[in-house]
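**Student:** Sequence plus predicted model, see below.
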Amino acid sequence: MKKILTVFSIALGLFLCTSVAHAQDKEKIKEKAKQEAYSLSKDLGLDKAQQRKVAENYYSYYLNTETELSEKKLKADKETYLQNKQKFDKSFHNNMEKILSPVQMKKFEEKYNKEISKGDIKKIK
């Protein structure tokens, strides 16, 4: 009985550690999304509602790419990886078009293309 309790305690501890680590990862992603939205807010002149929606869009994008686009998945199946990457990128871009005004969207795309040309962001084709 003592062994069963010990094994159960260890298993419960591992489960809780994994859950805490996963929650911490989500918090890091949420913070990163908020920082991106804040940066864009300064660059594009977003109002509070737009800033919140941009943060949600970045959070969704980062969460999807974090879980679905790992190095392991890239090595296992590059074609599927690239299809998923394109799907997430397109969804992100479409959502940005819904959130931003045409003038803001143009500035956003210019900033994005500038970052790609500097090598700060990798565009996968």
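**Tutor:** Perfect, thanks for sending it.

**Student:** show me the contacts for residue 25.
**Tutor:** residue 66 (C-beta atoms under 8 Å, 6 or more residues apart in numbering). Just so you know, the C-beta spots here come from the backbone N, C-alpha and C atoms, and that holds for glycine as well.

**Student:** Can you tell me how far it is from residue 42?
**Tutor:** Here residue 25 is placed at a distance of 27 Å from residue 42 (C-beta to C-beta, to the nearest Å).

**Student:** now do residue 100
**Tutor:** Distance from residue 100 to residue 42, by C-beta to C-beta: 14 Å.

**Student:** Ok, residue 115 next?
**Tutor:** On the measure of C-beta to C-beta, residue 115 and residue 42 end up 15 Å apart.

**Student:** between the two, which one's more packed in?
**Tutor:** Neighbour count, other C-beta atoms under 10 Å: between residue 115 and residue 42, residue 115 has more, with 13 against 9.

**Student:** mind checking the SS state of the more buried one?
**Tutor:** Secondary structure assignment for residue 115 (DSSP: H, G, I helix; E, B strand; the rest coil): helix.

**Student:** Tell me the pLDDT of it.
**Tutor:** Here, the pLDDT recorded for residue 115 equals 78.

**Student:** Work out for me the element residue 60 sits within.
**Tutor:** Assigned by DSSP states H and E, residue 60 belongs to helix 48-68.

**Student:** So for that helix, what gets flagged as buried?
**Tutor:** 50-51, 53-65 (16 or more other C-beta atoms under 10 Å).

**Student:** elements contacting that helix?
**Tutor:** helix 2-44, helix 78-99 (3 or more C-beta pairs under 8 Å, 6 or more residues apart in numbering; DSSP states H and E).

**Student:** If you average pLDDT over each of those, which is lowest?
**Tutor:** Mean pLDDT values for the helices and strands packed on helix 48-68 show the minimum at helix 2-44, a mean of 71.

**Student:** returning to that earlier point: can I get the CA coordinates of the helix holding residue 60 in PDB?
**Tutor:** Taking C-alpha atoms only, helix 48-68 is exported to PDB below (Å, rounded to 0.1, in the frame of the first residue of the first chain):
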ATOM      1  CA  LYS A  48      -7.800  50.500 -27.000                       C
ATOM      2  CA  ALA A  49     -10.300  48.200 -28.700                       C
ATOM      3  CA  GLN A  50      -7.900  47.700 -31.600                       C
ATOM      4  CA  GLN A  51      -5.000  47.100 -29.300                       C
ATOM      5  CA  ARG A  52      -7.000  44.400 -27.400                       C
ATOM      6  CA  LYS A  53      -8.000  42.700 -30.600                       C
ATOM      7  CA  VAL A  54      -4.500  42.800 -32.000                       C
ATOM      8  CA  ALA A  55      -3.200  41.300 -28.800                       C
ATOM      9  CA  GLU A  56      -5.800  38.500 -29.000                       C
ATOM     10  CA  ASN A  57      -4.800  37.900 -32.700                       C
ATOM     11  CA  TYR A  58      -1.100  37.700 -31.800                       C
ATOM     12  CA  TYR A  59      -1.900  35.400 -28.800                       C
ATOM     13  CA  SER A  60      -3.900  33.000 -31.000                       C
ATOM     14  CA  TYR A  61      -1.100  33.100 -33.700                       C
ATOM     15  CA  TYR A  62       1.700  32.500 -31.200                       C
ATOM     16  CA  LEU A  63      -0.200  29.800 -29.400                       C
ATOM     17  CA  ASN A  64      -1.000  27.900 -32.600                       C
ATOM     18  CA  THR A  65       2.600  28.200 -33.900                       C
ATOM     19  CA  GLU A  66       4.000  27.200 -30.500                       C
ATOM     20  CA  THR A  67       2.000  24.000 -30.400                       C
ATOM     21  CA  GLU A  68       1.700  23.100 -34.000                       C
END
